[in-house]
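Asker: sequence below, structure please.
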Amino acid sequence: VTVVGYPIGGDTISVTSGVVSRIEILSYVHGSTELLGLQIDAAINSGNSGGPAFNDRGKCVGIAFQSLKHEDAENIGYVIPTPVITHFIEDYKKSGEYTCNMLFSVITGSNCWFY
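Answerer: Model (predicted):
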């Protein structure tokens, strides 16, 4: 996975890379929603949020959104998968809100192409 963004502390684009370590249900920061997320070991720093994450074929697999800051852990970042983002956009266009009802279809369906 390659993450692209403009982290705090620089004026130019930053590119980091790593692997998907885990696919799990995450509590999204600043919200009460739990959704599917990708745990990666590519560095995600303050300011990287909202930057794209690409697989080795150049396909966007998600958006960087948070990292774990803990004394016992390094380089643990999280990405919102593209199917979750797509569902959010479609829901918002239709109703002006997010229904969060697509989790099961992402886990069991063919949308899990980001391995």
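
Asker: and the residue nearest the centre of the chain, what is it in contact with?
Answerer: When CA atoms, centre = their mean is applied to the chain, the residue found nearest the centroid is V79 (1.5 Å). Contacts for V79 (CB atoms under 8 Å, 6 or more residues apart in numbering) come out as 1, 3, 37-38, 40, 53, 61-65. C-betas here are computed from N, CA, C, even on glycine.

Asker: before we move on, what about H70?
Answerer: I76.

Asker: all helices for this protein, in order.
Answerer: 82-95, 103-108 (DSSP state H).

Asker: among these, which comes closest to N75?
Answerer: For those, proximity to N75 was assessed by CB to CB; helix 82-95 is nearest, at 22.0 Å.

Asker: closest one of the contacts of V79 to F88?
Answerer: I63 (10.4 Å).

Asker: residues contacting the closest residue to the closest one other than its chain neighbours?
Answerer: Of all residues not flanking I63 in the chain, I80 sits nearest, at 5.0 Å (CB to CB, 6 or more residues apart in numbering). Shown in contact with I80 (CB under 8 Å, 6+ apart): 28, 35, 37-38, 62-63, 65.

Asker: report the buried members of the residues you listed.
Answerer: Buried members of the contacts of I80, counted by 16 or more other CB atoms under 10 Å: 35, 37-38, 62-63, 65.
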